[in-house]
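J.: Have a look at this fold, sequence not included:
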């Protein structure tokens, strides 16, 4: 079946450094790639998403890049802060059958720790 | 306030005792789904529903049932829970195909 691989599984950085999380997907028809942040004990929440007609998208300290040829996309966080500490999930849309309803395939998650 | 309400937050039960986790959304979303979250495995879809009376299996449907009799409600039913269903469960909803998922607050289930 379709899958999304996410690396690394854990990431530890110093406050102020940048953090990069990478994902690869298998379904060449995927065209929607969201990122969710899950703080400890809380629900996942969307932080940024990108569609296949765009190569890069930024929102303040967060950016996502997409390489459709290589089937990978990445999350970049600059000037990290302790409140960025969380689990981050990437996801890719997948259409199980022609005309069917797109579903999201999630990566296994990256636990980011930002140390003061 | 737009939200997905999921109950209970914590549930401890024994093998074989039927249980239901409720999920309700107030955003008139057509699409609702259930996920389970396990360490190292991310979020895996159990079942989803595209509208009232329309449901389908996700990636890990074995041992679960769902129903969608009303647009706002999408309960998850475990007819005969087993220890391998111990997990963190999330209900979610969205309106469009490429719209953000709104997650419930989660249900931590332990099956002894």
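T.: Noted; the coordinates are in hand. As the structure is a prediction and not an experimental result, all values here were calculated from the model. Numbering: from 1, shown residues only, chains lettered A, B, ... in the order given.

J.: going forward, measure contacts between C-alpha atoms and count neighbours the same way
T.: Fine.

J.: Tell me how far residue B:20 lies from residue B:1.
T.: 25 Å (C-alpha to C-alpha, to the nearest Å).

J.: ok, those two, which is more surrounded?
T.: For the pair residue B:20 and residue B:1, the greater number of neighbours falls to residue B:20 (15 against 5), based on other C-alpha atoms under 10 Å in any protein chain shown.

J.: tell me the secondary structure for that one?
T.: For residue B:20, the assignment made with DSSP: H, G, I helix; E, B strand; the rest coil gives strand.

J.: I'd guessed it sits against residue B:74; true?
T.: No - using C-alpha atoms under 8 Å, residue B:20 makes no contact with residue B:74, being 10.4 Å away.

J.: Report the beta-bridge partners for residue B:55.
T.: On the basis of DSSP bridges, residue B:55 is bridged to residue B:49.

J.: Run a quick neighbour tally on it.
T.: Residue B:55 has 19 neighbours, counted by other C-alpha under 10 Å.

J.: and chain A, which residues reach chain B?
T.: Along chain A, the residues adjacent to chain B under the rule C-alpha under 8 Å from any C-alpha of the partner chain are A:9, A:32, A:34, A:42-46, A:89, A:101-103, A:105-109.

J.: Return the members of these classed as buried.
T.: Buried members of the residues of chain A next to chain B, scored by 16 or more other C-alpha atoms under 10 Å in any protein chain shown, are A:9, A:32, A:34, A:43-46, A:89, A:101-103, A:105-109.

J.: ok, which pair from those is furthest apart?
T.: Farthest-apart pair in these is A:9 and A:101; separation 29.3 Å (C-alpha to C-alpha).

J.: what residue lies at the spatial centre of chain A?
T.: By C-alpha atoms, centre = their mean, the mean C-alpha position of chain A lies nearest to residue A:90, the distance being 3.1 Å.

J.: which residue packs closest to the residue in chain B positioned nearest to chain A, ignoring adjacent ones?
T.: As assessed by C-alpha to the nearest C-alpha, chain A sits closest to residue B:42 within chain B, at 3.8 Å. Spatially, and ignoring its direct neighbours in sequence, residue B:42 is nearest to residue A:108 (3.8 Å; C-alpha to C-alpha, 6 or more residues apart in numbering or on different chains).

J.: Might one say that that neighbour is in contact with residue A:6?
T.: Yes - using C-alpha under 8 Å, residue A:108 makes contact with residue A:6 at a distance of 6.2 Å.

J.: Chain A contacts on chain B?
T.: Residues of chain B lying close to chain A by C-alpha under 8 Å from any C-alpha are B:40-44, B:50, B:90, B:97-98, B:100-106.

J.: what residue ranges in chain A score low on pLDDT?
T.: Flagging of chain A using pLDDT under 70 yields the residue ranges A:95-101.

J.: rewinding a little: right, and out of the buried ones among the residues of chain A next to chain B, which lies closest to residue A:64?
T.: residue A:34 (9.1 Å).
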